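**Q** What would the 3D arrangement of this be:
(2 chains)
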Amino acid sequence: MTGSQFGVFGIDPWWLVLLKALAIFVMLVLLTLFTIWWERRVVSRMQNRIGPNRVGPFGLLQSLMDGFKLALKEEIIPKAAHVGVYWIAPVISATAAFLAFAVIPFGPTVSIFGVETPLQLTDFPVSVLYVLAIASIGIYGIVLAGWSSGSTYPLLGGLRSSAQMISYEIAMGMSFVAVFLYAGSMSTSEIITAQEPIWFAVILLPSFLIYVTSMVGETNRAPFDLPEAEGELVGGFHTEYSSLKFAMFFLAEYINMVTVSALATTLFLGGWLAPWPISLWESANTGWWPLLWWLIKVQIFIFVFIWLRATLPRLRYDQFMKFGWKVLIPASIVWIMIVAAARVLRNDIEFSNRQLLIGGAIAIAVLLVGSWFAQGALDRREAARKFIRDEIESRPFEPMAGGFPVPPMPGQQAVLTTRRSNIPVIQQEAIDG
Amino acid sequence: MTEANLGEEIVFWFSGGLAVLGALGLILSRKAVHSALWVALTMINLAVLYVANSAPFLGMVQVVVYTGAVMMLFLFVLMVVGVDSSDSLIETLKGQRLVAIVLAVGLAILLVAGVGAGLTDVVPVGLDEANGVDGGNVQGIARLLFTDYLVAFEVTSALLITAALGAMVLAHRERWLPRASQEELSKARFIGTGHPGNLPSSGTYARHNAVDTPALLPDGSPSAQSIPGPLVARGDVRPVDHHEVEQIESLDGGPK
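**A** Below is the predicted model of the structure:
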């Protein structure tokens, strides 16, 4: 994909492309190992424990050893599993997790073995949409794992998980819109350049908050880890998976965490751009330094993930869905409308401060009057319902109303019918002696 | 028309082949879920072809909308309908295969003839020309969608909203009483006449653990709470085997 504005991308020699891909792969695997260790240590500290500290310095090699152990464990495949799909599901999950990182920028143009190249595998005009597309392919891994296990809990967990990810992907996509409007582009590298004076997290704070909330839902992490609600679903979609296949789901979950954190960094925290006090230093945004800023920002997000897990209890499923569909999505739609309107007003029409104040006052007045009318409508509706309710409750229950057996209406009492004999056995015992 | 380079050719034959394979798999697989997966494969490969033809936006939207949302909904329905359900192979409509083949061939001829005839006289201006007008592929699509095709776009969305509304109306249930909150439920449990916690499960300390076997209290008498109410009302409760209770008591050193 070589376009005029993407001149620096797509011209790398083949060995450099391979090198970058390999570097991303290695970095993601290492980050996964580190994140697991970091999560266990941080959660331990928050719970007044110490956490893994035996294997290697500070226990850093613990997750590596756990990984070896997991891979060498016995693999159990249920007899009812649909073998082909059962095999391919973890592969889809893990592959999709790695693929999304192809468009994440790590830094500006640097020189690698004498070749000037950006620290990013590739970029094209719609690379943020590419991340969304890859995420939606990753959901297939989870759904298929749930279905192909041939077991009830994984099926329920898989359906729950994918419903959750699809719902929160909508809110996530909506939070991107304001960023696209301000950056004037959907490519990750251009979004970062557009944040040069000020980060989008500052000017587009509501979008940022919506994204951060939905990214926790998207990665199935606490407090939104309903697919793995062990009290309800055992292990969720991966209940029937063991050994290396389970390890792949594990890997995918942690890489997804890094991916959404990296995307949050790219879209809202200026990507590899240096944060404020450091940005005063002239060469803060040149050479290899930006890689460090990027890593620190991503690690902050990961710390927030861990912090949330240690702090918050899990949500109930219906409340969680209600939150996604009835709070996050409408809120982001309203916010997009405001941002779009503000853009149009600033681009096309010149307004004085006084005009803006008058406009705001009119808007608030309209809202107040509207809410008064809405309240009246709600009251009338409630009164109508109460009337119907009283009407029903005043009537006795007819089990065969209209010639058909019917259940009692709310407020009416059903009569227990008898089938074999109406005498409870316990009474019979008393009669028998 | 410009010639395709080697890379494009490899992508075309690879993705095109996989797309055709997916289409064949859709028709030939026995399980509905497998068919859905083959369609997903076809869609992803079509997206790859779009991207290879310098239509990245179309490619990504294809994956997000069709693979990620539409196909996923199909999968949901298929999975909920039944894990083990397989289609019956008895034809209920007589001669439907013949009609289907005739219609398919007819559609293919129409498509090839119609599209082919429509495209023979078109002189391609080239990608640079087409994308140069608005400064890029995405910008070009955006301009077309929000100017020339705005009405069509809005009408389509109205159609979709109508469908969603219809689904909501069909699934809607009017509530007579307000839904009890968690707090109200908890209060009702403790203040009301019911048992505040879990009821004793059936068959505890009894010979069977079937639902119709009452649990035995320490003195050997059956616990009425351990059996579901409807069973009690129907008189379907299994009587306590007193002989056995006595046996156990004798082992235990007689009744206390």
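**Q** Between the two ends of stretch B:121-128, how far is it?
**A** Using Cα to Cα, to the nearest Å, the end-to-end distance of stretch B:121-128 comes to 20 Å.
**Q** Around B:G17, count how many other residues there are.
**A** Applying other Cβ atoms under 10 Å in any protein chain shown, we find 11 other residues in the vicinity of B:G17. Using the backbone N, CA and C atoms, a C-beta is placed for each residue, glycine as well.
**Q** For chain A, what is the nearest residue in chain B?
**A** B:G68 (2.7 Å; Cβ to the nearest Cβ).
**Q** Would you agree that residue is in contact with A:A133?
**A** Yes: contact criterion Cβ atoms under 8 Å: B:G68 and A:A133 qualify, at 6.9 Å.
**Q** quick one: pLDDT of the closest residue to the residue of chain B closest to chain A other than its chain neighbours?
**A** Take B:G68 and drop its neighbours on the chain: the residue closest to it by Cβ to Cβ, 6 or more residues apart in numbering or on different chains is A:S136, 2.7 Å away. We have a pLDDT of 86 for A:S136.
**Q** Pull the contacting residues for A:S136.
**A** Counting by Cβ atoms under 8 Å, 6 or more residues apart in numbering or on different chains, A:S136 touches A:166, A:169, B:63-64, B:67-69, B:72.
**Q** In terms of helices and strands, where is it?
**A** Using DSSP states H and E, A:S136 falls within helix A:127-148.
**Q** next structured bit after the helix or strand B:L185 falls within?
**A** Using DSSP H and E, B:L185 maps to helix B:182-191. Later in the chain than helix B:182-191, the nearest helix or strand by DSSP H and E is helix B:229-234.
**Q** all strands for the chain, in order.
**A** Chain wasn't specified; assuming chain A. A:107-112, A:115-119 (DSSP state E).
**Q** what's the spacing between B:P239 and A:V304?
**A** B:P239 is 61 Å from A:V304, where distance means Cβ to Cβ, to the nearest Å.
**Q** Quick check: bridge partners of the nearest residue to A:W288 once chain neighbours are set aside?
**A** Take A:W288 and drop its neighbours on the chain: the residue closest to it by Cβ to Cβ, 6+ apart is A:V110, 6.1 Å away. Taking DSSP bridges as the rule, A:V110 bridges to A:T117.
**Q** still on that earlier bit, what pLDDT, on average, does the helix holding B:L185 get?
**A** Helix B:182-191 shows an average pLDDT of 83 in the prediction.
**Q** Just the pLDDT for the residue of chain B closest to chain A.
**A** 82.
**Q** What about it, how many residues nearby?
**A** B:G68 has 26 nearby residues by other Cβ under 10 Å.
**Q** now do B:E129
**A** 9.
**Q** how far away is it from B:G140?
**A** From B:E129 to B:G140 the distance is 11 Å (Cβ to Cβ).
**Q** next one: A:A383
**A** Distance from A:A383 to B:G140, by Cβ to Cβ: 56 Å.
**Q** what about the two, which has more around it?
**A** Each of A:A383 and B:G140 has its neighbours counted (other Cβ under 10 Å); B:G140 has more, 16 against 9.
**Q** quick one, what contacts the more buried one?
**A** B:130-131, B:133-134.
**Q** could I get the residues you listed as CSV with distance to A:T95?
**A** Formatted as CSV, the contacts of B:G140 follow (distance: Cβ to Cβ, whole Å):
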residue, distance to A:T95
B:A130, 33
B:N131, 31
B:V133, 37
B:D134, 35
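**Q** Just those residues: which are in helices?
**A** B:130-131 (DSSP state H).
**Q** Report the buried members of the contacts of B:G140.
**A** B:N131 (16 or more other Cβ atoms under 10 Å in any protein chain shown).
**Q** Format the contacts of B:G140 as a markdown table; extra columns: distance to A:A264 and pLDDT.
**A** Conversion of the contacts of B:G140 to a markdown table gives the following (distance: Cβ to Cβ, whole Å; pLDDT from 0 to 100):
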| residue | distance to A:A264 | pLDDT |
| --- | --- | --- |
| B:A130 | 35 | 76 |
| B:N131 | 31 | 77 |
| B:V133 | 35 | 77 |
| B:D134 | 30 | 76 |
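**Q** near chain A too, which of the contacts of B:G140?
**A** B:N131 (Cβ under 8 Å from any Cβ of the partner chain).
**Q** what's the closest of the contacts of B:G140 to B:E183?
**A** B:D134 (57.3 Å; Cβ to Cβ).
**Q** Let me see the contact set for that closest one.
**A** Contacts of B:D134 (Cβ under 8 Å, 6+ apart): B:140, B:142-143.
**Q** Show only the entries of the residues you listed found in helices.
**A** B:140, B:142-143.
**Q** Could you find the closest non-adjacent residue to B:L26?
**A** B:W38 (4.5 Å).
**Q** tell me the pLDDT at that neighbour?
**A** 90.
**Q** Contacts for the helix or strand harbouring it next, please.
**A** Using DSSP H and E, B:W38 sits in helix B:32-52. Helix B:32-52 is contacted from outside by A:1, A:85, A:133, A:137, A:140, A:144, A:147, B:8, B:11-12, B:15-16, B:18-19, B:21-27, B:29, B:56, B:58-60, B:62-63, B:66-67, B:71, B:74-75, B:78-79, B:81, B:85, B:87, using Cβ under 8 Å, 6+ apart.
**Q** Now do it against helix A:127-148: the angle between them, please.
**A** Angle, helix B:32-52 to helix A:127-148, by axes from the mean of the first three to the mean of the last three Cα atoms, to 10 degrees: 160 degrees.
**Q** quick one on the thing from earlier: and the helix holding B:L185, what's buried?
**A** Going by 16+ other Cβ under 10 Å, helix B:182-191 has no buried residues at all.
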